[in-house]
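A.B. asks: dropping a prediction and its sequence here:
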Amino acid sequence: HMREALGKEMLIAGDPDPSYRATAEAVVAAVGFKPFYVGPIRYSRNLEAMAELWIHMAIPGLGGRDTSRNFWFSIGGDP
């Protein structure tokens with residue numbers, strides 16, 4: 001069910017240290033997403049709220065429309 005999402009951006013927040021960030025980005029890339037760093041770990045609370053919405057939209061009958069699992073966030077342009 002994730003085939004359609006492969007290659008899409010996955011938003012991540014965390015330690016800005018290049019070695020830690022590279023490790024997190026490698027994990028995200030290894031499962032088929034393009035990592036998109038949004039900032040320090042304090043931004044993770046915002047990503048958690050977005051994840052809750054994402055999960056809510058994936059459950060048929062609960063979302064504002066029936067998106068099933070064909071729903072993802074997308075970032076336009078390069079940072």
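C.D. replies: Alright, I've got the coordinates.

A.B. asks: list the residues that contact Y20.
C.D. replies: Y20 makes contacts with G14, as judged by Cβ atoms under 8 Å, 6 or more residues apart in numbering. Yep, even glycine has a C-beta here, placed from its N, CA and C like the rest.

A.B. asks: so it, which of the three states?
C.D. replies: State at Y20, reduced to three classes by DSSP: H, G, I helix; E, B strand; the rest coil: helix.

A.B. asks: quick one: P18 from I41, how far?
C.D. replies: 15 Å (Cβ to Cβ, to the nearest Å).

A.B. asks: likewise E48?
C.D. replies: As judged by Cβ to Cβ, E48 and I41 stand 11 Å apart.

A.B. asks: same question for stretch 9-22, mean pLDDT?
C.D. replies: The pLDDT scores in stretch 9-22 average 93.

A.B. asks: can I get the worst-scoring helix or strand of the chain on mean pLDDT in PDB, CA atoms only?
C.D. replies: None of the helices or strands of the chain scores lower by mean pLDDT, DSSP states H and E than helix 44-58, at a mean of 85. What follows is helix 44-58, C-alpha atoms only, in PDB (Å, rounded to 0.1, in the frame of the first residue of the first chain):
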ATOM      1  CA  SER A  44       8.800  17.100  16.100                       C
ATOM      2  CA  ARG A  45       5.600  18.100  18.000                       C
ATOM      3  CA  ASN A  46       4.300  19.700  14.800                       C
ATOM      4  CA  LEU A  47       5.200  16.600  12.800                       C
ATOM      5  CA  GLU A  48       3.400  14.400  15.400                       C
ATOM      6  CA  ALA A  49       0.200  16.500  14.900                       C
ATOM      7  CA  MET A  50       0.600  16.100  11.100                       C
ATOM      8  CA  ALA A  51       1.100  12.300  11.600                       C
ATOM      9  CA  GLU A  52      -2.100  12.200  13.600                       C
ATOM     10  CA  LEU A  53      -4.000  13.900  10.700                       C
ATOM     11  CA  TRP A  54      -2.300  11.500   8.200                       C
ATOM     12  CA  ILE A  55      -3.400   8.400  10.200                       C
ATOM     13  CA  HIS A  56      -6.900   9.900  10.700                       C
ATOM     14  CA  MET A  57      -7.200  10.400   6.900                       C
ATOM     15  CA  ALA A  58      -6.100   6.800   6.200                       C
END
